[in-house]
Structures are given as C-alpha cells and as structure tokens.
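S.K.: Sequence plus predicted model, see below.
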Amino acid sequence: MIKILLMVMILSSQYAVAQNKLLEQYHWDNRIILLFGPDSDTAIKKQITELESAPSEIVDRDLLIFHISKDVKLLNSKSAFSFAPAQQFRDKYNIPKNEIRYILIGKDGGVKYNKKEFVPNKSIFAIIDAMPMRKREMRRKD
C-alpha cells in the first residue's frame with residue numbers, strides 16, 4: 001500500500017512539474033496566444049482567420065499562437081514541434097474540454113488576458129503595445 005501511495009505521489013509531482021514547464025522554453029523570447037476550442041467551432045475558425053490576417057503584426061510582437069483542441073498545434077510556424085498533451089494545457093489553465101478561451105501570456109510567462117469570446121487583433125495588439133517590455137522594444141526599433 002505504501003509503495004502504491006509513493007508511486008502516485010511521484011507521478012503526481014512529475015505531472016505538476018511538467019505543467020509548470022509547458023511553455024517555459026518560450027519565456028522572455030515570445031508572447032503566446034493560447035486558443036482553446038474544438039476545430040469545428042465557428043468561433044474558433046473566426047478567431048484563427050482574424051489572427052492569420054495580421055502576419056507582420058504577429059511577428060513584430062514576437063507572438064506564437066497555439067490552438068488547443070484534441071491536440072496542440074502551433075499555428076504560425078512551419079516547423080514540427082512536439083507538445084504536451086492538450087489536457088495538460090487545459091488542466092494548467094483550468095479550461096473545460098469544449099470551452100472556447102483566448103489567453104495571452106506575456107514574455108514573463110504570466111497570463112495578461114483571458115477571455116471567453118472573440119478578440120479582435122486591434123484589441124490584443126493594444127494590450128501588448130501597452131506592456132512595459134513592448135514599449136521598450138518599440139523604442140529600440142525607432
């Protein structure tokens with residue numbers, strides 16, 4: 001019984017560590033949009049179309065866009081990546097399976113915006129452009 005309990009504790013702690021490291025590789029280099037929702041949902045399709053309509057603005061703001069449905073896809077990269085299972089993302093951000101959610105994560109790894117509705121690019125870019133780190137980036141480019 002003690003062996004089983006220890007095994008469960010070890011596996012649970014490894015799962016918790018994995019959750020905390022889901023996006024750690026992108027900290028300080030990229031801002032991240034997590035788009036949760038089923039592939040077939042019209043709201044998700046609309047949001048993806050909106051995001052895809054501004055490729056230069058996405059690149060300029062160092063954004064990576066992940067769509068989490070049955071699996072995890074990085075939408076704005078042609079490179080092949082291997083990600084944690086979608087459920088780990090749902091668990092970390094407390095998102096039920098078929099819920100639609102739009103989450104912006106800053107370069108520091110903190111959640112900066114979290115909505116259950118369509119978000120126009122203009123709104124998300126204004127939020128990003130108001131961030132102190134982004135303001136420094138814009139000053140350096142001038």
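M.R.: Thanks, I have it. Residues are numbered from 1 along each chain as shown.
S.K.: most centrally placed residue in this protein?
M.R.: For the chain, Leu34 is the residue whose C-alpha lies nearest the centre (CA atoms, centre = their mean; 2.8 Å).
S.K.: Tell me which helix or strand it sits in.
M.R.: Assigned by DSSP states H and E, Leu34 falls within strand 31-36.
S.K.: model confidence over that strand, on average?
M.R.: Strand 31-36 shows a mean pLDDT of 96.
S.K.: which other helices and strands contact the helix or strand just after it?
M.R.: Counting by DSSP H and E, the next helix or strand C-terminal to strand 31-36 is helix 42-52. Helices and strands touching helix 42-52, by 3 or more CB pairs under 8 Å, 6 or more residues apart in numbering; DSSP states H and E, are strand 31-36, strand 63-68. Placement of C-beta: from N, CA and C, glycine included.
S.K.: For Lys135, which of those is the nearest?
M.R.: Lys135 lies closest, by CB to CB, to one member of these: strand 31-36, at 13.5 Å.
S.K.: could you say what helices and strands the closest one packs with?
M.R.: helix 42-52, strand 63-68, helix 86-93, strand 101-105.
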